[in-house]
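K.L.:
Build the 3D model from these lines:
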Amino acid sequence: MTDQLTEYTGGCHCGAVRWRALGARHIEAERCNCSICSMSGYLEFIVPAARFTLLQGGDALSTYTFNSSVAQHHFCRHCGVKSYYIPRSNPDGVSLNVHCFDQPPSDITISAFDGVNWEQNAHTLADRSKL
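P.N.:
Sure, this is the predicted structure:
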């Protein structure tokens, strides 16, 4: 990765879940139109799992899976916010919800991702979790 790494922090609405991640200074995020992302307003930024640390709240998380049951949608059982999850497209990575960052990123590009047709488009996200 040629881009300098930046530390991002975030978590859920009530503060029970807190995390820290290292990612590119320039964020390339996806706004997905699949049912779960569009219903929850999720704005996805994927980082390698090695660059993610859950600081607190593991005991406050519930996990939801559907369809293939590969993606692990972690949400706070107190406030219901999904601030991160393990994506099916990058099971070796962590998808962060940009809306849950403590500080909004100053350098971000948001692209549309056609998650309704996930099988045909998932390959475009496949390298997001690589170091």
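K.L.:
three-state assignment of C37?
P.N.:
With DSSP: H, G, I helix; E, B strand; the rest coil as the basis, the three-state label of C37 is helix.
K.L.:
Just give the number of residues close to the nearest residue to it once chain neighbours are set aside.
P.N.:
Counting by Cβ to Cβ, 6 or more residues apart in numbering, C37 lies nearest to G115, which is 6.0 Å off, once chain neighbours are set aside. In this view, the C-beta of every residue, glycine as well, is placed from N, C-alpha and C. Around G115 there are 21 other residues, counting by other Cβ atoms under 10 Å.
K.L.:
For G115, give me its contacts.
P.N.:
32-34, 37, 121 (Cβ atoms under 8 Å, 6 or more residues apart in numbering).
K.L.:
What about these, which one has the most neighbours?
P.N.:
Compared across these, C32 has the highest neighbour count, 23 neighbours, by other Cβ under 10 Å.
K.L.:
Need the contacts of G115 in TSV (columns: secondary structure, distance to Q103 and pLDDT).
P.N.:
Converted to TSV, the contacts of G115 look like this (DSSP: H, G, I helix; E, B strand; the rest coil; distance: Cβ to Cβ, whole Å; pLDDT from 0 to 100):
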residue	secondary structure	distance to Q103	pLDDT
C32	strand	23	95
N33	coil	27	96
C34	coil	27	92
C37	helix	22	93
N121	helix	30	94
